[in-house]
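*Asks:* got a structure for you, letters missing:
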């Protein structure tokens with residue numbers, strides 16, 4: 001493995017890796033690994049991870065407290081599994097980074113959960129997801145095993161999803177079974193071209209608790225040349241609120257925009 005990050009000294013300081021390349025040469029297992037039982041805030045700046053036998057970056061948090069993960073100007077490519085995989089309570093800020101030609105997802109968050117009464121965040125801006133073996137970005141939002149209350153905030157901005165084997169961008173909300181949770185999703189100024197499934201797929205199962213909300217807004221996106229739908233909106237239980245504005249969804253193998261589910265509108 002390349003590097004393992006944890007908070008061994010319990011000093012709450014962020015671990016920082018700046019300008020380092022981790023080349024697995026198809027022999028290394030995981031490039032950067034964040035320990036699940038002793039997670040910490042961390043920053044990756046100008047880091048390159050390639051050719052690992054498993055994941056390029058693995059981020060786990062088993063505790064009921066969130067941590068900040070800042071990834072900027074990085075690359076995780078040609079790894080046998082995911083470029084980046086994450087689980088647990090995190091506040092992700094991922095900027096100007098490339099996740100390409102990984103064997104599975106470019107980024108897989110399964111699952112993103114909030115800490116008690118807190119907010120789980122995913123911010124992706126100015127990134128590229130290219131030629132991955134499954135989805136470019138796959139983010140699942142779920143309540144923790146001991147459900148209490150919390151929020152989700154997911155924003156994808158100025159990001160390109162191109163020629164991934166499945167959906168370019170999949171955001172899946174699975175919070176309907178736990179009261180006290182709400183979520184907001186924004187996808188804007190982004191493109192999905194030539195993906196093997198849908199360009200953008202939003203599976204929006206809103207909370208059954210009518211006091212909570214699931215809202216999603218898609219604005220100024222381009223989805224073209226995808227094998228399935230340009231923008232696919234689904235729900236298995238209670239649909240959230242969805243708005244689409246000022247977008248071009250053209251030249252896809254199926255519909256430009258398709259909504260399916262109970263009382264989909």
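*Replies:* Thanks, I have it. Fair warning: this is a prediction, and the values are worked out from it, not measured in the lab.

*Asks:* residues in contact with the closest residue to residue 227 other than its chain neighbours?
*Replies:* Spatial nearest neighbour of residue 227, chain neighbours left out: residue 253 (4.5 Å); criterion: Cβ to Cβ, 6 or more residues apart in numbering. Quick note: C-beta positions are derived from backbone N, CA and C, even for glycine. The contact partners of residue 253, by Cβ atoms under 8 Å, 6 or more residues apart in numbering, come to 226, 227, 228, 229.

*Asks:* rerun at 10 Å
*Replies:* 196, 197, 198, 225, 226, 227, 228, 229, 230 (Cβ atoms under 10 Å, 6 or more residues apart in numbering).

*Asks:* Just give me the neighbour total for the last one.
*Replies:* I take that to be residue 230. Using other Cβ atoms under 10 Å, residue 230 has 29 neighbouring residues.

*Asks:* That one contacts residue 248, doesn't it?
*Replies:* Yes - Residue 230 is within contact range of residue 248, at 8.4 Å (criterion: Cβ atoms under 10 Å).

*Asks:* Now do the shared contacts for those two.
*Replies:* Joint contacts of residue 230 and residue 248 (Cβ under 10 Å, 6+ apart) are 221, 222, 223, 224, 256.

*Asks:* Closest to residue 170 out of those residues?
*Replies:* residue 223 (13.2 Å; Cβ to Cβ).

*Asks:* gap between residue 224 and residue 168?
*Replies:* 11 Å (Cβ to Cβ, to the nearest Å).

*Asks:* what sits in contact with each of these two?
*Replies:* Counting by Cβ under 10 Å, 6+ apart, the residues touching both residue 224 and residue 168 are 191, 192, 193, 194, 199, 230.

*Asks:* Report how many residues lie close to the fourth one.
*Replies:* Burial measure for residue 194: 16 neighbouring residues, criterion other Cβ under 10 Å.

*Asks:* Name the SS class of the residue nearest to residue 227, please.
*Replies:* Secondary structure for residue 253, judged by DSSP: H, G, I helix; E, B strand; the rest coil, is coil.

*Asks:* check contacts around residue 75.
*Replies:* Neighbours of residue 75 in contact, by Cβ under 10 Å, 6+ apart: 21, 46-50, 56, 83, 97-100, 128.

*Asks:* What separation is there between it and residue 237?
*Replies:* Taking Cβ to Cβ, one finds residue 75 at 38 Å from residue 237.

*Asks:* Quick check on residue 224 and residue 168: which one has the bigger neighbour count.
*Replies:* The neighbour comparison of residue 224 against residue 168 (other Cβ under 10 Å) goes to residue 168, with 32 against 16.

*Asks:* Contacts only, for the more buried one.
*Replies:* Residue 168 touches 106, 129-130, 132, 135-137, 159-162, 190-201, 223, 226, 230, counting by Cβ under 10 Å, 6+ apart.

*Asks:* Looking at these, which are in strands?
*Replies:* Counting by DSSP state E, the contacts of residue 168 place 129, 130, 137, 160, 161, 162, 191, 192, 193, 200, 201, 223 in strands.

*Asks:* which residue is nearest the centroid of this protein?
*Replies:* residue 139 (3.7 Å; Cα atoms, centre = their mean).

*Asks:* My read is that that residue contacts residue 172, right?
*Replies:* Yes - here residue 139 reaches residue 172: they are 7.0 Å apart, a contact under Cβ under 10 Å.

*Asks:* Pull up the overlap in contacts between those two.
*Replies:* 109, 110, 111, 112.

*Asks:* And for the second one, nearest residue in space, chain neighbours not counted?
*Replies:* Looking back up the chat, that one is residue 110. Residue 110 sits nearest to residue 140 (Cβ to Cβ, 6+ apart), 4.9 Å away.

*Asks:* how far away is the one you found from residue 67?
*Replies:* Residue 140 sits 19 Å away from residue 67, going by Cβ to Cβ.

*Asks:* Between these two, point out the one with more neighbours.
*Replies:* Ranked by neighbour count (other Cβ under 10 Å), residue 140 and residue 67 place residue 67 first, with 21 against 17.

*Asks:* ok, so what distance separates that one from residue 43?
*Replies:* The gap separating residue 67 from residue 43 is 11 Å, by Cβ to Cβ.
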